[in-house]
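A.B. asks: here is my input; please provide its structure:
(one chain, ligands or ions: 1)
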Amino acid sequence: MVLDRPRQEAMPEAWSRALTSERSTQSLSRRLRLAVLSSILGLASCDGGAGSAPAARVADAVFRPPVGQSSVSVAYMSITSPAGDRLVAASSPMAAAVEMHEMVYDGAQVSMRRVDGVDLPAGQAVRFEPGGLHLMIIEPRTVAGEDTFPIVFELQSGASLTVEFDSTRAPERSGGR
Ligand SMILES: [Cu+2]
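C.D. replies: Residues are numbered from 1 along each chain as shown. This is a model prediction of the structure:
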């Protein structure tokens, strides 16, 4: 997990500016939200280069190790893009492939299928979670002692985003994909 320290140090200044501002309370709340947002953004590392704003914010990034002999595992997250964008690809240096899947409910039948991309409406959290959208990791190479698993996302805007998923949780038991 990469912490963006300059961003975090900028927080108190943003707060004091917000608190001394003579503008409307709407402006105040917007400034406060920006200050809180900037502290959260530090949780996801980004390939966008030093100083540029991350293309999207990722929270609750959890990688579930494969169960038993399975060569496939699953990962979940919540992703929010400040501007309208679209996830168009996912990969990992530690896996043969990463696919975006959705669950399909047809009467009593439940199956999953691969999707080409996932829309990210501006400012709206899109959740990858059990029973819905999820990330399917094909042939993950997990390393003993490592507590994160990297997944790289490509966005339609051209940005790419590297997220370290927490891999310390227990394997998914069954049916959650
Ligand atoms: Cu799947």
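
A.B. asks: from here on, just use CA atoms for contacts and neighbour counts.
C.D. replies: Fine.

A.B. asks: what segments of this structure are helices?
C.D. replies: 5-9, 11-20, 25-41 (DSSP state H).

A.B. asks: pLDDT below threshold where in the protein?
C.D. replies: By pLDDT under 70, the low-scoring segments of the chain are 1-53, 170-177.

A.B. asks: break it into its domains for me.
C.D. replies: Domain segmentation of the chain under automatic domain parsing yields 5-41, 57-166.

A.B. asks: residue 80 contacts residue 119, correct?
C.D. replies: No. With contact defined as CA atoms under 8 Å, residue 80 does not count as touching residue 119 (10.4 Å).

A.B. asks: those two: who's more crowded?
C.D. replies: residue 80 (20 against 14; other CA atoms under 10 Å).

A.B. asks: quick check: beta-bridge partners of the more buried one?
C.D. replies: Assessed by DSSP bridges, residue 80 has beta-bridge partners residue 57.

A.B. asks: give the contact list for it.
C.D. replies: Contact analysis of residue 80 by CA atoms under 8 Å, 6 or more residues apart in numbering lists 56, 57, 58, 120, 122, 123, 124, 125, 126.

A.B. asks: same question for residue 111.
C.D. replies: Contacts of residue 111 by CA under 8 Å, 6+ apart are 103, 104, 105.

A.B. asks: what do you get for residue 141?
C.D. replies: Applying CA under 8 Å, 6+ apart, the residues near residue 141 are 94, 95.

A.B. asks: which residues does stretch 145-158 contact?
C.D. replies: Contact with stretch 145-158 is made by 63, 85-94, 98, 142, 160-168, as judged by CA under 8 Å, 6+ apart.

A.B. asks: out of the contacts of residue 80, which is most surrounded?
C.D. replies: Ranking those using other CA under 10 Å puts residue 58 first, with 25 neighbours.

A.B. asks: which residue sits closest to that residue, ignoring its sequence neighbours?
C.D. replies: Take residue 58 and drop its neighbours on the chain: the residue closest to it by CA to CA, 6 or more residues apart in numbering is residue 79, 4.4 Å away.

A.B. asks: just checking, that neighbour touches residue 126?
C.D. replies: Yes. Here residue 79 lies in contact with residue 126, judged by CA under 8 Å, at a distance of 5.3 Å.

A.B. asks: what sits in contact with each of those two?
C.D. replies: residue 120.

A.B. asks: in the top strand by length along the chain, what counts as buried?
C.D. replies: Among the segments of the chain that qualify as a strand by DSSP state E, the longest is strand 95-106. By 16 or more other CA atoms under 10 Å, the buried positions in strand 95-106 come out as 95, 97, 98, 99, 100, 101, 102, 103.
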